[in-house]
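Participant: Show me how the following folds:
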Amino acid sequence: MAVTLTDAAANRVESFLANRGKGIGLRVGIKTTGCSGLAYVLEFVDELADGDEVFECRGVKVIVDAKSLVYIDGTELDYTKEGLNEGFKFNNPNQADECGCGESFTV
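Facilitator: Residues are numbered from 1 along each chain as shown. Alright, predicted model coming up:
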């Protein structure tokens, strides 16, 4: 499988990369934190690391390290605006539950 982007997410990432002026893509990963155990991490990538998987979606390179891929394989990243709130939303088929504040999740 892969990690994919919706049109809205791809457009937002392209905009961020253009404003930044450099970068080959977006890293999507996880870190251990929060009350449910795992949290998503997004960061721009200037160069690939050993073991990175690269997925191309809607013209954007999505980079995932092997450790994170186990937890987020099949995830679709969306960008939403709801009222005054806007941000990336993770649609992860592996996610079993999330904490009440929505900051962390379990698989």
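
Participant: and the residue nearest in space to the middle of the chain, what is it in contact with?
Facilitator: Nearest residue to the geometric centre of the chain (C-alpha atoms, centre = their mean): residue 28, 3.6 Å. Residue 28 makes contact with 3, 40-42, 62-64, 68, 72, 75, 77, according to C-beta atoms under 8 Å, 6 or more residues apart in numbering. From N, CA and C alone the C-beta is placed, and that goes for glycine too.

Participant: Spell out which helix or strand contains it, please.
Facilitator: strand 25-33 (DSSP states H and E).

Participant: Give the partner strands of that strand in its sheet and their orientations.
Facilitator: Strand pairing for strand 25-33, determined by DSSP bridges: strand 37-45 (antiparallel), strand 60-65 (parallel).

Participant: What residues sit buried inside the first one?
Facilitator: In this case it means strand 37-45. For strand 37-45, the neighbour count (16 or more other C-beta atoms under 10 Å) marks 38-40, 45 as buried.

Participant: rewinding a little: from the contacts of residue 28, which is closest to residue 50?
Facilitator: Checking the contacts of residue 28 against residue 50 by C-beta to C-beta gives residue 63 as the nearest, at 12.1 Å.

Participant: What are the boundaries of the helices in this protein?
Facilitator: Applying DSSP state H to the chain gives helices spanning 7-20, 66-72.

Participant: out of these, nearest to residue 98?
Facilitator: Residue 98 sits nearest to helix 66-72 of all those, at 12.9 Å, using C-beta to C-beta.
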